[in-house]
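**Student:** sequence and predicted structure are below.
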Number of protein chains: 2
Amino acid sequence: MNSTNRQSSYSAYSLEGETDMKERILDESLIGKILTAEEAAETIIDGMTVATSGFTPSGYPKAVPLALAKRVRNTQEKMEITLIAGASVGDELDGELSREGIIKRRIPYQTNESIRSKINRGEIQFIDQHLSHVAQNINYNFIDKIDVAIIEAIKITEEGNIIPSTSIGISPTIVDKAKNIIIEVNMSQPLELEGIHDIYTIKNPPFRKPIPIINCFDRIGSNYIPLNKEKISGIVITDIKDNVRPLAPVNDNNKIMAGILMEFLDFEIRKGRIPKELLPLQSGVGSVANAVLKGFLNSKYDNLQFYTEVIQDSILDLVEAGRVCCASGTAITPSPEKLKEILLSMKRYRDKIILRPQEISNHPEIIRRLGVIAMNTAIEVDIYGNVNSTNVLGGNMMNGIGGSGDFARNAYLSIFFTESIIKDAHISTIVPLVSHHDHTEHDVDVIITERGIADLRGLSPKERAKRIIENCAHPDYKDQLREYYNRASRRRGHIPILLNEAFSWHCRFESVGTMKNDTGGKEYELSSN
Amino acid sequence: MNSTNRQSSYSAYSLEGETDMKERILDESLIGKILTAEEAAETIIDGMTVATSGFTPSGYPKAVPLALAKRVRNTQEKMEITLIAGASVGDELDGELSREGIIKRRIPYQTNESIRSKINRGEIQFIDQHLSHVAQNINYNFIDKIDVAIIEAIKITEEGNIIPSTSIGISPTIVDKAKNIIIEVNMSQPLELEGIHDIYTIKNPPFRKPIPIINCFDRIGSNYIPLNKEKISGIVITDIKDNVRPLAPVNDNNKIMAGILMEFLDFEIRKGRIPKELLPLQSGVGSVANAVLKGFLNSKYDNLQFYTEVIQDSILDLVEAGRVCCASGTAITPSPEKLKEILLSMKRYRDKIILRPQEISNHPEIIRRLGVIAMNTAIEVDIYGNVNSTNVLGGNMMNGIGGSGDFARNAYLSIFFTESIIKDAHISTIVPLVSHHDHTEHDVDVIITERGIADLRGLSPKERAKRIIENCAHPDYKDQLREYYNRASRRRGHIPILLNEAFSWHCRFESVGTMKNDTGGKEYELSSN
């Protein structure tokens, strides 16, 4: 689709374009603000702090960053910006801009290979934050002033307000705080998304009030983002689709973990520790989480509630299967296949789905009040119950903590999933000590691997260690873990740890390519200490 | 004071005792439940889970545990219990019972030398929990059923309800959940405490509602703990005073840190990042925290609000100086000197002080809503901004995480204090990597030592490392830290870490008694990586 410039009314457009405009930009006074992506990109200059809509590869601006990257590629001009988005975004933004060296600082999360590699090479300073903290850090002026906000919208209302697209993220906050705003009206995003959003913002202390959500289906705000039209520096028309990513096929281990979860929930209900209708569920993003949620498709639960960050395929499948009473999140992030279905029939989903600002979807107040059952994925866990969600081998950033901390700390029950081994069994994900801590022993209730489940509630570190080793570790590493634990537990201390060996497994992997230690065929039994 | 047994009305007491009884136990039907401490202790048997009132050495039961310890000392019977209190308690409970081998498991915090040493010898299993989680873990049935609750009270009302004493902790929850209840009516606790308490309990999900506190002085509950009289298995009369502990004198480093804090707050106000009246303050427990708060005595702030856990001497001094508009906590814990003053003139303090259940004083919902400025003490911090609050040298338990996590994670601003060196400079509290993680890089905004302040907001790990080393480390260790950082930053990665050396400072201290590494007189400059 071509954008046309400096037209001041609908009638300046061709017949087809005029209909599109009338449906998408209802405030005719804004027609004159329409720019090409290239023109809008011109307003972004070296040294700026740019904040954008988007959360996962959903609802982020595409045309303007592509134009900006192209310009810099052509001019080779010096251009370094701080980029803030709600979470990760698609390749048109994180990928293109980082490959051109445009991103100098990035807050608070990413999943793109190009930006990740620059972060790990030290070329981009990455600030990894709890996703519920991002909007308030901006509101508290803890982050640089935002020069430009770029917001993807499906529509601008008659009153000049923004109807966002497939995610909300930090958009309401940055629309409020930014000096200038560029709006990308995306014609590929269905107008039926209107009504799915619930925009509620939080004042700064000392003026905060209780957030009035008491059920995950409660709507407490408006369906649009209020906008000061004076701040619009350009409106860009685009039709580039969300660059969503395929999910890995569900493997056998994922199925086993899903089965373990179902048995566990069943057991907890029988024990009277979870209500029989369950409680709202949260699930992390990605293939493992998606696979685990698929387990609910064949379960007995038919009135599921989700109070989560991202609504991905498995939740949409559950909605279709009539098993969901409400799915609240901050983004809809389908696989490419699912995206096609959704774009065709958004109405089917709209009644069950609520999108909220990430400050609300991830807010400790609501997560704790609703009693969310949190299910997240770990890179590695240790025998004390600490979890690493972010950095491989201590310092190599994967994606970021995301919302896992918001949910794990405040959940009714905090469950972490990981396969017990990876890399052809050369890495055990159960280690003596995690090489980076994101969730401490105080925040982890249950660990599930394909080998079994360790329920850590009410256990001391020594009891946790035994349970994790015996229930969750892979047989290839059990003896090695027992042997470590036995020696560690001979020392005085509350937590049995050998500081001079705690990372020896990671170091061994780095130097010889495996965590395996030849134990000389000796089998160890856990000491009773 | 002697307790008298099986009297069924006031008139059975001597004249003086009758007056006392009439003032303290207003429900005459309960007179028949009065037992000696020894008799009440008889109801506690091997294998039980016992939960008590108390938070810090305030408001915990004393007579019954002393009687229980004495009995076990005499009979040498086998007696192993799980002990749950709100937090730490006095020596009559944690000390006496642990020395007699009676405590087998302890939840969630302690500060007593006898129990600590048994925990570190592996004789007691200790479960270290966020203090805001304890009551809900009980309500969710995540912790063993409570056989007996022992509650210190100043009074039982006409309706048979409990007026607690100098702390609330988890009392409302355990009074509700325990099978049997023993009440210690403590004649040494002033009746003027009545009215200071605000008892509000939280339902389990899915029935939770917003907690209606929007100012730290809001009262939302009753001034008593409702009681099912059927569950009372005994009432014991005692007059043993809270075994409060003296505070260390304020040293020069504490004064310097207080000064740095004052300058920082001033700067933040000028920058528009904190309102000029400040926001509610939280302060950890102990001598450093107390000393830092003393800094407010000579400050310009005269309408201070505290939304904190423990109200200790410095807050009471500020109340006396007319500088406090409200102090909300779950315990009043004065030094022995201050205790005398308070017992004589509780009325002076009562209007300014509110005691709440720890589930409310430490609740993420309220801390985040009010925008609390959290000030806690660290055992050690690392160059990435992680904080160890619990375990010395990785595994030796000091006290526990307490409420530091509840506050640090949800605060408007999370500040940690530590002196830069201890043990005659043989330990640097700024280390390459903390030997135990309680607060991760995601939860720490500011670090203050007597050397200076590191404001970590919006910084990447590499930027944080440089700032912490340059601003907070002791000169004796700066070169050593720079040298480590420089080598670590040569590796690929988001976080510059050398896994094979990360704990070498701790190991060196363990083997040769100092963290100091002879750098051969060479001076290092920080690499620009």
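**Tutor:** Ah, there it is.
**Student:** use CA for all of it now, contacts and neighbours both
**Tutor:** Will do.
**Student:** for the longest strand seen in chain A, packing partners?
**Tutor:** Ranked by residue count and defined by DSSP state E, the top strand of chain A is strand A:148-156. Packing partners of strand A:148-156 (3 or more Cα pairs under 8 Å, 6 or more residues apart in numbering or on different chains; DSSP states H and E): helix A:15-24, strand A:49-52, strand A:162-164, helix A:171-177, strand A:180-186.
**Student:** now the first one and strand A:148-156, what's the angle there?
**Tutor:** So the one you mean is helix A:15-24. If you take axes from the mean of the first three to the mean of the last three Cα atoms, to 10 degrees, helix A:15-24 sits at 100 degrees to strand A:148-156.
**Student:** how about the residues of the stretch 51-200 of chain A near chain B?
**Tutor:** A:119-122, A:125-130, A:140-143 (Cα under 8 Å from any Cα of the partner chain).
**Student:** as TSV, the helices and strands packed on strand A:148-156 with mean neighbour count would be great.
**Tutor:** Output for the helices and strands packed on strand A:148-156, formatted as TSV (neighbours: other Cα atoms under 10 Å in any protein chain shown):
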stretch	mean neighbour count
helix A:15-24	15
strand A:49-52	26
strand A:162-164	28
helix A:171-177	24
strand A:180-186	28
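**Student:** so which of these is nearest residue B:105?
**Tutor:** Minimum separation from residue B:105 across the helices and strands packed on strand A:148-156 (Cα to Cα) falls at helix A:171-177, 47.2 Å.
**Student:** and the closest one, what does it pack against?
**Tutor:** On a contact count with 3+ Cα pairs under 8 Å, 6+ apart, helix A:171-177 meets strand A:49-52, helix A:134-139, strand A:148-156.
**Student:** any chance of those in a markdown table, plus mean pLDDT and distance to residue B:87?
**Tutor:** Formatted as a markdown table, these follow (pLDDT from 0 to 100; distance: least, Cα to Cα, whole Å):
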| stretch | mean pLDDT | distance to residue B:87 |
| --- | --- | --- |
| strand A:49-52 | 98 | 43 |
| helix A:134-139 | 98 | 31 |
| strand A:148-156 | 98 | 47 |
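**Student:** now those in TSV, with distance to residue B:324?
**Tutor:** TSV is the format used below for these (distance: least, Cα to Cα, whole Å):
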stretch	distance to residue B:324
strand A:49-52	40
helix A:134-139	27
strand A:148-156	42
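**Student:** which of those sits most buried?
**Tutor:** Among the helices and strands packed on helix A:171-177, ranked by average contacts under mean count of other Cα atoms under 10 Å in any protein chain shown, first place goes to strand A:148-156 (a mean of 29).
**Student:** any idea of the angle that strand forms with strand A:180-186?
**Tutor:** Going by the same axes, to 10 degrees, strand A:148-156 is angled at 40 degrees with respect to strand A:180-186.
**Student:** which residues of chain A score low on pLDDT?
**Tutor:** Residues of chain A meeting the criterion pLDDT under 70: A:1-7, A:519-522, A:529.
**Student:** domains in it, by residue range?
**Tutor:** Split into domains by the TED database, chain A comes to A:15-238, A:252-512.
**Student:** want to throw those domains into CSV with distance to residue B:388?
**Tutor:** As requested, those are exported to CSV (distance: least, Cα to Cα, whole Å):
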stretch, distance to residue B:388
domain A:15-238, 19
domain A:252-512, 11
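**Student:** give me the number of residues near the residue of the stretch 101-250 of chain A found nearest chain B?
**Tutor:** Closest residue of the stretch 101-250 of chain A to chain B, Cα to the nearest Cα: residue A:120 (4.1 Å). Close neighbours of residue A:120, defined as other Cα atoms under 10 Å in any protein chain shown, add up to 21.
**Student:** can you check residue A:525 too?
**Tutor:** Neighbours of residue A:525 (other Cα under 10 Å): 11.
**Student:** looking at the domains of chain A, which is nearest to residue B:424?
**Tutor:** Closest approach to residue B:424 among these (Cα to Cα): domain A:252-512, 22.8 Å.
**Student:** is chain B contacted by the closest one?
**Tutor:** Yes: applying Cα under 8 Å from any Cα, one finds domain A:252-512 in contact with chain B at A:272-274, A:279, A:364-365, A:369-371, A:393-397, A:435, A:437-440, A:442, A:457-461, A:492-497, A:499-500, A:503-504, A:506-507.
**Student:** which SS class is residue A:285?
**Tutor:** Using DSSP: H, G, I helix; E, B strand; the rest coil as the criterion, the local structure at residue A:285 reads coil.
**Student:** show me what contacts the most centrally placed residue in chain A?
**Tutor:** By Cα atoms, centre = their mean, chain A has its centre lying nearest to residue A:402, at 5.2 Å. Going by Cα atoms under 8 Å, 6 or more residues apart in numbering or on different chains, residue A:402 touches A:87, A:108-109, A:128-131.
**Student:** circling back: hmm, who's touching the longest strand of chain A?
**Tutor:** Strand A:148-156 is touched from outside by A:23-27, A:44, A:48-54, A:59-61, A:162-165, A:171, A:174-175, A:178-187, A:189-191, A:193-194, with contacts defined as Cα under 8 Å, 6+ apart.
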